[in-house]
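Participant: Everything below, folded, please.
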Amino acid sequence: MRVARHLSRLGLALGAVLATACGPAWDAPTDADGLFDPGRVRSFELVVDSQAWVALLLAPTEYVEAELVLDGQRLAPIGLRALGNPREDQPAWRLRFDEFDPELRLAGLKRVNLLPPRGDPSLVRQALGLELLRQAGALAPRAALAEVRVNGSGPGAYSLVEQVDRRFLADRLGEKNGALFQLERGGNLVYLGDDPALYPDSVYQQQGEEESAPRERALPALIDLMRLLALAPDDALGMTLPDMLAVDESLRLLAALAWLGQLDSYLGTGHHQYLYLDRHGRLHLIAWDLHRGFGNYHGPSCGLSTDELLALDPRRPTCGGARPLVDRLLGHPALRARYLELLAELLDGPLHPARVQAGLERWRARARVLAARDRLGEFDAQQFEDSFEADWPAGDNPARVPGLAPFAAARQEICRRALADGP
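Facilitator: Now for the predicted structure:
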């Protein structure tokens, strides 16, 4: 542990290969691509002492000190916090490597997330969905599969997901000092007036404000976009919007989310969405948390059945009220035409049935070991196997989990039909 801490303070990534006195060199990730190697299932063991565990239960969003053993290698103490309720059988976790040592990194990263596959017998909706979004040319974090134990409990099947932070922005967009917002439930981007108090931080959460434009400058720029979407006629919208929104990039993401039936996002809940205002004042949409993708969201914000999600019209892919960023873009003739053009491109490319099926089989092979060993999840190994080819449970349950292959086939048919029917 002292060796690892010393290396990090010399500015070397913990991803360097470390040797121990009692074992072979660690086959460690040397960069983020290596950490998120889709062909490998990483092993995370987290140890939290009793005092820190009590503190975590009392204040789940505050980091406590934890020891991490990654793929058998013991690392320096890191920060650990819960994403949600740490008392759940399989909590979601965020790991922050520089919390107790400002120079500490893992494969160059400050943070990663361990997200459980709640409600997903396939275990791969998160990783597969994010992979498809990246292949579609949308902004989305990298992901891989992981086996996780916390204080000996487990193992549990998780997705290892890259954090959307300043490093992510610099890597994807070549800049990082704009304003990063995370939409919480109800973040619908509906214009309510110019008073910033009408857009609370509990819904429009600015991330890392100390590293970017302060909220009193950043939020008005976001409100300007909401005002444009609410009040501008089509001709003014078409002329002005490209200065305020990365249009093609956003349309690609919206088209892919529509294909995925991912309504636990801006399309439905107004949740699980990052927004980044770059230094030029242009908004970028960034995907987040797809464990309810592939037609597996039945929450109260939408209340759609599985059959309704399978049949979701990509030309009207929202629910739960006004969604101006979709309503105005798809209501504008030229932007709607571009959206449908991009959807057709995706259906012939990364969302083509043959390519989706190949991806399903790759992730299925990777997840098999997790399904066999999982002690925390809701589903057994047979349900895991069945979930790729068949709905669970079988029958016409309105909230059943769609089989991944049947879902992909249904969405291809529905989206092709929508394109054939025209705008």
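
Participant: For the nearest residue in space to Gly156 that is not next to it in sequence, grab phi and psi.
Facilitator: With Cβ to Cβ, 6 or more residues apart in numbering as the criterion, Gly156 has its nearest non-adjacent residue at 3.4 Å, and that residue is Leu376. Yep, even glycine has a C-beta here, placed from its N, CA and C like the rest. Main-chain dihedrals, Leu376, degrees, to the nearest 10: phi -110, psi -20.

Participant: Please apply the same query to Leu123.
Facilitator: For Leu123, the backbone dihedrals (degrees, to the nearest 10) come out as phi 70, psi 0.

Participant: Just to check, it is in contact with Phe384?
Facilitator: Yes. Here Leu123 reaches Phe384: they are 6.4 Å apart, a contact under Cβ atoms under 8 Å.

Participant: Show me whatever sits in contact with both of the two.
Facilitator: Jointly contacting Leu123 and Phe384 under the rule Cβ atoms under 8 Å, 6 or more residues apart in numbering are 367, 371.

Participant: which residues does Val64 contact?
Facilitator: By Cβ under 8 Å, 6+ apart, the contact list for Val64 reads 48, 52-53, 55-56, 79-81.

Participant: Quick one: mean pLDDT over the longest strand seen in the chain.
Facilitator: The longest strand of the chain (DSSP state E) is strand 153-162. In this model, strand 153-162 has a mean pLDDT of 97.

Participant: ok, residues contacting whichever helix or strand comes after that strand?
Facilitator: The C-terminal neighbour of strand 153-162 among helices and strands, as given by DSSP states H and E, is helix 166-173. Contacts to helix 166-173, defined as Cβ under 8 Å, 6+ apart, come from residues 32, 108-110, 139, 141, 162, 175-178, 180, 208, 211, 276, 278, 284, 286.

Participant: Now the longest strand of the chain: buried residues?
Facilitator: 154-162 (16 or more other Cβ atoms under 10 Å).

Participant: Please produce a markdown table containing those residues, extended by distance to Thr269.
Facilitator: Converted to a markdown table, the buried residues of strand 153-162 look like this (distance: Cβ to Cβ, whole Å):
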| residue | distance to Thr269 |
| --- | --- |
| Gly154 | 29 |
| Pro155 | 30 |
| Gly156 | 25 |
| Ala157 | 24 |
| Tyr158 | 22 |
| Ser159 | 19 |
| Leu160 | 24 |
| Val161 | 18 |
| Glu162 | 22 |
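
Participant: Among the residues you listed, which one sits closest to Leu237?
Facilitator: Closest approach to Leu237 among the buried residues of strand 153-162 (Cβ to Cβ): Glu162, at 33.2 Å.

Participant: how many other residues sit next to the closest residue to that closest one other than its chain neighbours?
Facilitator: Spatial nearest neighbour of Glu162, excluding adjacent residues (Cβ to Cβ, 6+ apart): Pro141 at 3.7 Å. When neighbours are counted by other Cβ atoms under 10 Å, Pro141 registers 24.

Participant: Thr30 now?
Facilitator: Quick note: Thr30 (other Cβ under 10 Å) scores 14 neighbours.

Participant: Could you say which helix or strand holds it?
Facilitator: Going by DSSP H and E, Thr30 is not part of any helix or strand.

Participant: and it, what are its phi and psi?
Facilitator: Dihedral pair for Thr30: phi -100, psi -10, per degrees, to the nearest 10.

Participant: is it true that it touches Ala107?
Facilitator: Yes. Using Cβ under 8 Å, Thr30 is in contact with Ala107, at 6.6 Å.

Participant: tell me which element Arg94 falls in.
Facilitator: strand 92-96.

Participant: nearest residue to Gly119 other than its sequence neighbours?
Facilitator: If you skip the residues right next to it in sequence, Gly119 has Asn296 as its closest partner in space, 6.1 Å away by Cβ to Cβ, 6+ apart.

Participant: got it, and Val401?
Facilitator: Trp392 (4.7 Å).

Participant: Burial check on the one you found, number of neighbours?
Facilitator: For Trp392, the count of nearby residues is 19 (other Cβ under 10 Å).

Participant: dump the residue contacts of it.
Facilitator: Contacts for Trp392 (Cβ under 8 Å, 6+ apart) come out as 121, 379, 383, 386, 400-401, 403.

Participant: Ramachandran coordinates for it?
Facilitator: Per degrees, to the nearest 10, the backbone of Trp392 is at phi -130, psi 130.

Participant: Look up how far Glu361 lies from it.
Facilitator: Applying Cβ to Cβ, to the nearest Å, the value for Trp392 to Glu361 is 19 Å.

Participant: How about Arg316?
Facilitator: Arg316 sits 32 Å away from Glu361, going by Cβ to Cβ.

Participant: In the protein, what residue spans correspond to strands?
Facilitator: With DSSP E applied, the chain shows strands at 41-47, 64-70, 73-74, 78-83, 92-96, 111-115, 143-150, 153-162, 179-183, 204-207, 273-277, 283-287, listed in chain order.

Participant: Parallel or antiparallel, which strands does the fourth one pair with?
Facilitator: If I follow you right, that is strand 78-83. Sheet pairing for strand 78-83, assigned by DSSP bridges, gives strand 64-70 (antiparallel), strand 92-96 (antiparallel).
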